[in-house]
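*Asks:* next come a sequence and a model predicted from it.
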Amino acid sequence: MVSIINTIKRDTNKWSILLLAIVLFISIPILTIAFGIFEGPGETWEHIVSNLLPNYITNTFYLILGTSLLTLLFGVSAAWIVSRYTVPYGKVIEWLLIVPLAIPSYITAYAYAGIFDYGSFITTFLGYKVDVMNSWGLVFVLSISLYPYIYVASRAFFTSQSNNLMEASKLLGAGEVKTFFTIILPIARPAFVGGLLLVLMEVLNDYGAAKYYGVTTFTTGIFRSWFSLEEPETAIYLSAILVGIILVLITIEKWQRKRIGYANSSKNHTKLKKLSLPNKSKYFLFMAVLLPILVGFVFPVLQLLYWTYLTFQSVFTTDFLSIAMETFFIASIAAFFTVVLALGLLFFAQWNRLSYFDMLSKVGTLGYAIPGAVIAVGVLIPTLFFDKWLINVFDFVFHEKIGFFMNGTIIALLYAYTIRFAAVAYNPIEASALKLGTSLVEASKMLGSGNLKTFYKIQFPLLKPAIISSFILVFVDVMKELPLTLILKPYSVNTLAVKAYEYASDELIAEAALPSLCIILTGILPILFLNRLISKN
């Protein structure tokens, strides 16, 4: 114990302290939720446990199960088809399969409510109304919105898969289908399970679609406890249960990945070759990969375009332009601070001399695994405590009354965004930094340059593409974020996502189309970048 303390005293430098400060800064909301459990639930907790919690658990379970099955079906099959076979317009299809990620699930939910509404083309054609405003409709909406997570992970794996496995399997008499299910699919499990974990996190984070379709989940329960029942203690308890579910999912994913080795020998490695099939089979596969594009992107966008045509003059006002500019400004500032924090996490960890602190940078990126509503609750409570303390200090020392400094201001909102999307900025920069190696950095230090000068002169210019990519990814995620923004935004501030939600909540669903389209158009930018990255790799 004494030797460890002496080592810490000897090796601690300013970078160690800065890294620890950033990690504590990010961990405050998570620690707030953890410590809040010990304070006990609110007065309505027994009522919630008896009457509401079973519905939260049941609905969340069915959402997880149904969405898992559908996203795996769409994502894995589409990834294998475009990786293994030549289909018409293959290059276009490859990136169009990612495009549904540009549409937030709550916007897709609004669109399908209109597609299957009374008087719509589908209802007129079928002769009766299909009810999608239920849990099964929510499963469908979430699945067609989120399957690209599995598609991207699976496609990246399939395209780099050795062709030797396919050839060896065929020499042993196995056909194409048998080879896929007995060899390719099992070794691809880490890829599509990793994508599935992201899907489930998004399902647990969803609020707008579930609220609009009338399905009670943990996230809607957190909102109800906070706003309707005015019991933050109960919201903390529900948040803790939700975080527990996510930790279980992450643990299961890590456990299944460790149990089996999936490494592929690099010796005699040849990339997977695409097969050309007869026209009949080729067009059948083309229709199979076209289906998720149609239901996940084309149909919702066409519905939104139709609504925009009907409501453009009434929605496109100076207030709308002000909200759009406000959204872009907030997203830009949040993306900037998040990228700066991600750079600090990465490089402070490298520059500190304490080996115990090396993994702290990873701890700082855990916010993405926690739903936005949970982070919002975790931010509200400590910022309110800080503001009350600050008000008392000013009153005692300066005999002046001041308002809230953080709670209910743009500062708390930016703070929450930074925590939520730190991983989105950190991962691309870390991947690019690993490719640079250490030779240039070591040479710079041998010539007498310090850490900051080496970063500014060498690492920053080489990492600029990754930094820009991280900025764009965070920018788009902030544009789409709804639950966190709904809870934390100041009364005088509005965003396109919140505006679309407000229109839909007021049954002005057609008016929600224009702000929704703005979000979608912005979200297409990282989709193009992501497709280019996969193709290049």
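*Replies:* That came through, no problem.

*Asks:* okay, now the residue nearest to G66 when sequence neighbours are not counted: neighbour count?
*Replies:* Nearest residue to G66, sequence neighbours excluded (Cβ to Cβ, 6 or more residues apart in numbering): V139, at 3.6 Å. C-beta here means a position set from N, CA and C on the backbone, and glycine is covered the same way. V139 is flanked by 23 other residues according to other Cβ atoms under 10 Å.

*Asks:* give the contact list for V139.
*Replies:* Y62, L63, G66, T67, L70 (Cβ atoms under 8 Å, 6 or more residues apart in numbering).

*Asks:* residues near the fourth one, how many?
*Replies:* It refers to T67. With other Cβ under 10 Å as criterion, T67 counts 27.

*Asks:* and it, how far from V424?
*Replies:* To V424, T67 is 21 Å away according to Cβ to Cβ, to the nearest Å.

*Asks:* do the same with the last one
*Replies:* Distance, L70 to V424, by Cβ to Cβ: 25 Å.

*Asks:* what residues are up against the closest residue in space to K489 that isn't next to it in sequence?
*Replies:* Leaving aside its sequence neighbours, K489 sits nearest to L413 (Cβ to Cβ, 6+ apart; 5.7 Å). With contact set as Cβ under 8 Å, 6+ apart, L413 has these partners: I330, A334, L484, T485, L488, K489, P490, V493.

*Asks:* using PDB, list the CA coordinates for the strand or helix carrying L413.
*Replies:* Taking DSSP states H and E as the criterion, L413 maps to helix 410-420. Taking Å, rounded to 0.1, in the frame of the first residue of the first chain, the C-alpha atoms of helix 410-420 are listed here in PDB:
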ATOM      1  CA  ILE A 410     -27.800  26.400 -22.000                       C
ATOM      2  CA  ILE A 411     -24.800  25.500 -19.900                       C
ATOM      3  CA  ALA A 412     -26.500  22.500 -18.300                       C
ATOM      4  CA  LEU A 413     -27.700  21.400 -21.800                       C
ATOM      5  CA  LEU A 414     -24.200  21.600 -23.300                       C
ATOM      6  CA  TYR A 415     -22.800  19.800 -20.300                       C
ATOM      7  CA  ALA A 416     -25.300  16.900 -20.800                       C
ATOM      8  CA  TYR A 417     -24.600  16.800 -24.600                       C
ATOM      9  CA  THR A 418     -20.800  16.600 -23.900                       C
ATOM     10  CA  ILE A 419     -21.300  13.600 -21.500                       C
ATOM     11  CA  ARG A 420     -23.800  11.800 -23.800                       C
END
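
*Asks:* still on that earlier bit, okay, among the contacts of L413, which ones form the most distant pair?
*Replies:* Greatest spatial distance among those (Cβ to Cβ): A334 and P490, at 14.3 Å.

*Asks:* where does pLDDT dip in the stretch 301-450 of the chain?
*Replies:* Within the stretch 301-450 of the chain, the segments meeting pLDDT under 70 span 353-358, 395-400, 403, 435-437.

*Asks:* where along it do the helices fall?
*Replies:* Per DSSP state H, counting those that start in this stretch, the stretch 301-450 of the chain carries helices over the ranges 318-351, 360-363, 372-397, 410-420, 422-436, 439-446.

*Asks:* just so I know, which of those helices lies nearest I509?
*Replies:* Ranking these by distance to I509, with Cβ to Cβ as the measure, places helix 318-351 first at 16.4 Å.

*Asks:* between that closest one and helix 422-436, how big is the angle?
*Replies:* Taking axes from the mean of the first three to the mean of the last three Cα atoms, to 10 degrees, one finds that helix 318-351 is oriented at 50 degrees with respect to helix 422-436.

*Asks:* elements contacting helix 318-351?
*Replies:* When contacts are defined as 3 or more Cβ pairs under 8 Å, 6 or more residues apart in numbering; DSSP states H and E, helix 318-351 packs onto helix 14-36, helix 360-363, helix 410-420, helix 422-436, helix 460-480, helix 496-505, helix 513-536.

*Asks:* neighbours of L414, how many?
*Replies:* L414, neighbours per other Cβ under 10 Å, totals 18.

*Asks:* that one: what's it in contact with?
*Replies:* The neighbours of L414, taking Cβ under 8 Å, 6+ apart as the test, are I330, I333, A334, F337.

*Asks:* ok, and the most crowded of those?
*Replies:* Counting by other Cβ under 10 Å, top hit in the contacts of L414: A334 with 25 neighbours.

*Asks:* contacting residues around the nearest residue to that one once chain neighbours are set aside?
*Replies:* Distance criterion Cβ to Cβ, 6+ apart; nearest residue to A334, sequence neighbours excluded, is Y417 at 4.0 Å. Listed by Cβ under 8 Å, 6+ apart, the contact partners of Y417 are A334, F337, T338, V474, V478, E481, L484.

*Asks:* closest to A369 out of these?
*Replies:* Closest approach to A369 among the contacts of Y417 (Cβ to Cβ): L484, at 14.1 Å.

*Asks:* tell me the secondary structure at the closest one.
*Replies:* Counting by DSSP: H, G, I helix; E, B strand; the rest coil, the backbone at L484 sits in helix.

*Asks:* that one contacts V374, doesn't it?
*Replies:* No. Applying Cβ atoms under 8 Å as the test, L484 and V374 come out as separate, 9.1 Å apart.

*Asks:* more neighbours: which of those two?
*Replies:* Neighbours were counted for L484 and for V374 using other Cβ under 10 Å; V374 has more, 29 against 26.

*Asks:* can you name the residues that contact L96?
*Replies:* I293, F297.

*Asks:* what about the stretch 151-300 of the chain, any weak spots by pLDDT?
*Replies:* Low-confidence segments of the stretch 151-300 of the chain, defined by pLDDT under 70: 160-169, 173-175, 253-254, 256-273.

*Asks:* what ranges does it have for its helices?
*Replies:* So, for the stretch 151-300 of the chain - with DSSP H, counting those that start in this stretch - the helices run 163-171, 176-179, 185-187, 189-205, 208-213, 218-223, 232-259, 279-293, 299-315.

*Asks:* perfect, I'm done here.
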